[in-house]
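Engineer: Generate a structure from the sequence data that follows.
(one chain, ligands or ions: 1)
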Amino acid sequence: MSWTQVLPVNELTPGTRKVVKVSDKNILLINHEGNYYAVANSCPHLKLPIKKGKITEDGSIVCPFHRSAFDLKTGEPTEWITWPPLMSKAMGMISKQQCLPVFPTKVEDYQIWVEV
Ligand code: FES
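Structural biologist: Next up, the predicted model:
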């Protein structure tokens, strides 16, 4: 694991997000209420991009495809495959719950760093 400088803070204002590439990984950077989060831009269910996922009041990002949700701080699933309603239960039984990879962030000299 090593720290990589990814963006100046003024390029990730509150409420915005960007995907950056670090060590062959697509990392989704999110500024949620002034806090920086870095998560894999790949839902652990089917490896589809999670960039457009809604962020809930409790700080989870919801996958736009089958609505699994993951805590932005820990990557732990807070919901697992809830969409579409009639198929989600079967899909959830086939696919074991997994965490969304999360990465530490820090700010130094107005730059955002990610440890990957
Ligand atoms: S791809 Fe994210 S929940 Fe299915």
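
Engineer: Output the set of residues of this protein in proximity to the ligand.
Structural biologist: Applying CB under 6 Å from any ligand atom, we find that the chain lies next to the ligand at 43, 45-46, 48, 63, 65-66, 68, 81. C-betas here are computed from N, CA, C, even on glycine.

Engineer: Residue 90 in helix, strand or coil?
Structural biologist: Using DSSP: H, G, I helix; E, B strand; the rest coil, the secondary structure recorded for residue 90 is helix.

Engineer: Number of residues surrounding it?
Structural biologist: Residues near residue 90, counting by other CB atoms under 10 Å, number 10.

Engineer: and what of residue 78?
Structural biologist: Applying other CB under 10 Å, we find 15 residues neighbouring residue 78.

Engineer: Is it correct that it is in contact with residue 58?
Structural biologist: Yes. Assessed by CB atoms under 8 Å, residue 78 is found in contact with residue 58 at 7.2 Å.

Engineer: Between those two, which contacts overlap?
Structural biologist: Counting by CB atoms under 8 Å, 6 or more residues apart in numbering, the residues touching both residue 78 and residue 58 are residue 71.

Engineer: could you check the distance from the residue lying closest to residue 36 once chain neighbours are set aside over to residue 82?
Structural biologist: Excluding the flanking residues, the one nearest residue 36 by CB to CB, 6 or more residues apart in numbering is residue 105, at 4.4 Å. With distances taken as CB to CB, to the nearest Å, residue 105 is found 28 Å from residue 82.
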